[in-house]
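# here is a sequence together with a model predicted from it:
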Number of protein chains: 2
Amino acid sequence: MNRFFIPKDWIDGESVSLKGETAHQIAHVLRLKPTDHILLLDNTGWEYEVEIQKVSGERVEGRAIKKAMSPGEPTLKITLFQALLKADKFEMVLQKGVELGVSAFVPFVSTRCVGKKPAENKMIRWRKIIQEAAEQSARGLLPTLQPVISFREACEVAAPPAILLWEEERSASLRRVLRNEPFRKAKSLSLLVGPEGGFPSEEVEYAESRGIAIASLGRRILRAETAGLAAVSAILYEKGELG
Amino acid sequence: MNRFFIPKDWIDGESVSLKGETAHQIAHVLRLKPTDHILLLDNTGWEYEVEIQKVSGERVEGRAIKKAMSPGEPTLKITLFQALLKADKFEMVLQKGVELGVSAFVPFVSTRCVGKKPAENKMIRWRKIIQEAAEQSARGLLPTLQPVISFREACEVAAPPAILLWEEERSASLRRVLRNEPFRKAKSLSLLVGPEGGFPSEEVEYAESRGIAIASLGRRILRAETAGLAAVSAILYEKGELG
């Protein structure tokens, strides 16, 4: 069944009224008809199964026939602080990160970043990638994309407990970090991942001085766009939220 | 340090003699000079640190100064049976799969495949992607790419224990499967991942009849190219081989 995030006030009791791009998509792209069913997400965690009743021009009307909490949301909220990457890599991290279960993305600029700071239209494009991935992968809440900040700001605003991935960290494995306090019982977690060139040791030391745990993903060298996705998979697996 | 897989017989005691594309890369692309160091991998698990002594035209000569077992190889050998995907997705699975630690790739054709069977030049391209990713990510053994087979053949040749990922499997999570026999102590494992349209239930039943375990990656719907990478991350994490 096709899924769409919509503004909460498009649903009034049983009665559903869709407009804008969502209605256009339903009426003219998917060409759905009265009696077809869709799933609507109000971005508070509820999902509504809706029977289409009327398709006219750029409006679609329907009737909510079932309402349930969306099953796709992980209970662990991961905020992925990702250094800017080349645009196609960054977009891959957004799309795959949403599928895997990231709750919020915070792009940041660090010393070795080669990816450029996105213009406003790029941010719009990135939010669209997030929304499409969230609809496709059955998320119940739309992951957010925050404005670009600096590495130091990222270290300040990263809600504890926080982990920075570093490929030169030989002592603490991600597994050891996750199985110790304060991560063992955490309901939310911040993850910081560097750019193509990695973090220089001064940045790692700064993060550590702000109480951020440093963790390694093992002995193989992962590309920047792979590291965050592998770590998110591992973290959600550890918490029983990925199979 | 730059890393290259080379034929074993290019190293004779201390003396190293490089030719072909490797020598071209060193001499004309990277423009390395005498006294520069490189790492050579003989694809038996050894890596050699080599000091370049002479660069002339399309030949490079050097001296091995250190020899050690390559640290990048996971002890768990994963063979990823991946249904053909659209070419760019399949290439992403190869590149990221090598980084994460897959030991062998077996492409297969199943009912809902939309990806086309690769021509011989595509297989050459894919082997090159694998080699570059293996060099970049510090693998000690070059992952193999097997010829394309059918889904039924994949079920026959998949060395046990084997797992097929199915998004409709609601009972057995990947975690539960991995923590039970025969997976708990396995030194190798086969993983079967479907195409964009997923596996129809008849294929899942056939796999099950061949002794393949069926496992779910949880409640979110992962794209075909994401599922295998998330599962490989989770499996290696479970075994303590990814952080």
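Looks like it arrived, so ask away.
# burial check on residue A:125, number of neighbours?
15 (other C-beta atoms under 10 Å in any protein chain shown). Using the backbone N, CA and C atoms, a C-beta is placed for each residue, glycine as well.
# for the helix or strand hosting it, list the C-alpha coordinates in CSV.
Using DSSP states H and E, residue A:125 falls within helix A:120-136. C-alpha atoms of helix A:120-136 as CSV (Å, rounded to 0.1, in the frame of the first residue of the first chain):
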residue,chain,number,x,y,z
GLU,A,120,18.9,26.2,0.4
ASN,A,121,17.6,24.3,-2.7
LYS,A,122,19.9,21.4,-1.8
MET,A,123,18.5,21.3,1.7
ILE,A,124,15.0,21.1,0.1
ARG,A,125,16.2,18.2,-2.1
TRP,A,126,17.7,16.4,0.9
ARG,A,127,14.5,16.8,2.9
LYS,A,128,12.6,15.3,-0.1
ILE,A,129,15.1,12.3,-0.2
ILE,A,130,14.4,11.8,3.5
GLN,A,131,10.6,11.9,3.1
GLU,A,132,10.6,9.5,0.2
ALA,A,133,12.9,7.1,2.0
ALA,A,134,10.7,7.4,5.2
GLU,A,135,7.5,6.6,3.2
GLN,A,136,9.1,3.7,1.4
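# tell me the mean pLDDT over it?
Helix A:120-136 shows a mean pLDDT of 96.
# now swap in stretch A:100-117 and tell me
95.
# do that stretch and chain B come into contact?
Yes: for a cut-off given as C-beta under 8 Å from any C-beta of the partner chain, stretch A:100-117 has contacts with chain B, namely A:100-101.
# what does stretch A:42-59 give?
No: applying C-beta under 8 Å from any C-beta, one finds stretch A:42-59 separated from chain B by no less than 12.3 Å.
# using CSV, write out every CA atom in that stretch.
The C-alpha trace of stretch A:42-59 is given here as CSV (Å, rounded to 0.1, in the frame of the first residue of the first chain):
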residue,chain,number,x,y,z
ASP,A,42,0.5,12.2,10.5
ASN,A,43,4.1,12.4,11.8
THR,A,44,3.0,11.9,15.4
GLY,A,45,3.4,8.1,15.1
TRP,A,46,-0.1,7.2,14.0
GLU,A,47,-0.8,5.7,10.7
TYR,A,48,-4.3,5.7,9.1
GLU,A,49,-5.6,3.3,6.5
VAL,A,50,-7.7,5.3,4.2
GLU,A,51,-10.2,4.4,1.5
ILE,A,52,-10.2,6.8,-1.4
GLN,A,53,-13.8,8.1,-2.1
LYS,A,54,-13.3,10.9,-4.6
VAL,A,55,-10.6,12.1,-6.9
SER,A,56,-11.2,15.4,-8.6
GLY,A,57,-8.5,17.5,-10.2
GLU,A,58,-5.9,18.3,-7.6
ARG,A,59,-7.9,17.1,-4.6
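# tell me the residues of chain A that contact chain B?
Taking C-beta under 8 Å from any C-beta as the criterion, chain A approaches chain B at residues A:71-72, A:74, A:92, A:96, A:99-101, A:136-139, A:173-175, A:215-223, A:226, A:229-231, A:233-234, A:236-238, A:240-243.
# out of these, which end up buried?
A:72, A:74, A:92, A:96, A:99-101, A:136-139, A:173-175, A:215-223, A:226, A:229-231, A:233-234, A:236-238, A:241-243 (16 or more other C-beta atoms under 10 Å in any protein chain shown).
# next one: phi and psi at residue A:41?
The phi and psi values for residue A:41, taken as degrees, to the nearest 10, are phi -120, psi 130.
# show me what it is bridged to.
residue A:5, residue A:47 (DSSP bridges).
# what about it, neighbour count?
The burial count for residue A:41: 23, using other C-beta under 10 Å.
# cool, residue A:25 as well?
By other C-beta under 10 Å, the residues close to residue A:25 number 16.
# how about it, what does it touch?
residue A:4 (C-beta atoms under 8 Å, 6 or more residues apart in numbering or on different chains).
# and it, how far from residue A:174?
Residue A:25 is 39 Å from residue A:174, where distance means C-beta to C-beta, to the nearest Å.
# and stretch A:64-72, how far out from the chain middle?
Distance of stretch A:64-72 from the chain centroid (C-alpha atoms, centre = their mean, to the nearest Å) equals 21 Å.
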